[in-house]
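1. What follows is a predicted structure for the sequence shown.
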Amino acid sequence: MIFRLFIIKIALLFTSSLVLAEDLTIEMTPNRSFSIEIARIDVGQTIEWLPTAKGHNVEFRLGPDAAKLPKKSSFSKPISIKFDTPGTYFYWCTPHKNSGMIGLVVVGDDTSNIDKIAELELAGMSSSKLTKLLTELN
Ligand SMILES: [Cu+2]
């Protein structure tokens with residue numbers, strides 16, 4: 001019986017370490033940008049956004065139709081998100097959404113929905129930044 005409990009504990013440890021493992025880390029930097037602006041991951045992989053400066057967050061605005069978008073993250077806090085639905089996701093930092101602090105996540109090499117992302121009307125530096133990022137995807 002004790003042995004069985006031990007096995008369950010080991011199994012739980014293994015599971016939680018799998019959940020916490022990040023496949024990619026993106027920094028929210030002091031110069032109002034994400035350190036990786038086009039992130040490419042496989043289906044089921046996890047990205048962690050790490051603040052290296054205060055006052056930033058991660059807010060997803062668009063993704064593939066089948067995906068439920070993650071909740072807006074808290075300011076100055078790390079956030080880990082697992083992506084289970086293939087497609088391209090667009091996000092920004094809420095206070096710097098016009099300052100070019102935007103990013104794309106391409107899951108499973110699927111860019112079939114980027115036309116919808118291209119239709120987003122962004123303001124300030126983010127407009128030309130998005131155009132540039134989408135060009136790099138093609
Ligand atoms: Cu920011």
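-> Okay, I see it. Because the structure is a prediction, the values reported are computed rather than measured.
2. now stretch 35-49, how far from the chain's geometric center?
-> 6 Å (Cα atoms, centre = their mean, to the nearest Å).
3. what sits up against it?
-> 21-29, 34, 58, 73, 78-86, 102-109, 129, 133, 136-137 (Cβ atoms under 8 Å, 6 or more residues apart in numbering). For the C-beta atoms, the positions are set from N, CA and C on the backbone; glycine is no exception.
4. if we go to 6 Å?
-> Stretch 35-49 has contacts (Cβ atoms under 6 Å, 6 or more residues apart in numbering) with 22-29, 58, 79-82, 84, 86, 103-108, 133.
5. Then stretch 108-124?
-> Under Cβ under 6 Å, 6+ apart, the answer for stretch 108-124 is 43, 62, 64, 86-88, 90, 98, 130, 134, 137.
6. Around the residue of the chain found nearest the ion, how many other residues sit close by?
-> Residue of the chain nearest the ion, by Cβ to the ion: Cys93 (3.1 Å). Using other Cβ atoms under 10 Å, Cys93 is surrounded by 24 other residues.
7. quick one: the closest residue to it other than its chain neighbours and Ser76, what's the gap?
-> Closest residue to Cys93 apart from its sequence neighbours, by Cβ to Cβ, 6 or more residues apart in numbering: Met101 at 4.0 Å. Distance, Met101 to Ser76, using Cβ to Cβ, to the nearest Å: 14 Å.
8. go on, Ile102?
-> Taking Cβ to Cβ, one finds Ile102 at 18 Å from Ser76.
9. Of these two, which one has the most company?
-> Remark: of Ile102 and Ser76, Ile102 carries more neighbours, 24 against 12, as counted by other Cβ under 10 Å.
10. Can you name the residues that contact that one?
-> 92, 126, 129.
11. My read is that the last one contacts Ser99, right?
-> No: checked against Cβ atoms under 6 Å, the pair Lys129 and Ser99 is beyond contact range at 9.2 Å.
12. How is Leu133 assigned, secondary-structure-wise?
-> Secondary structure, DSSP: H, G, I helix; E, B strand; the rest coil: Leu133 is helix.
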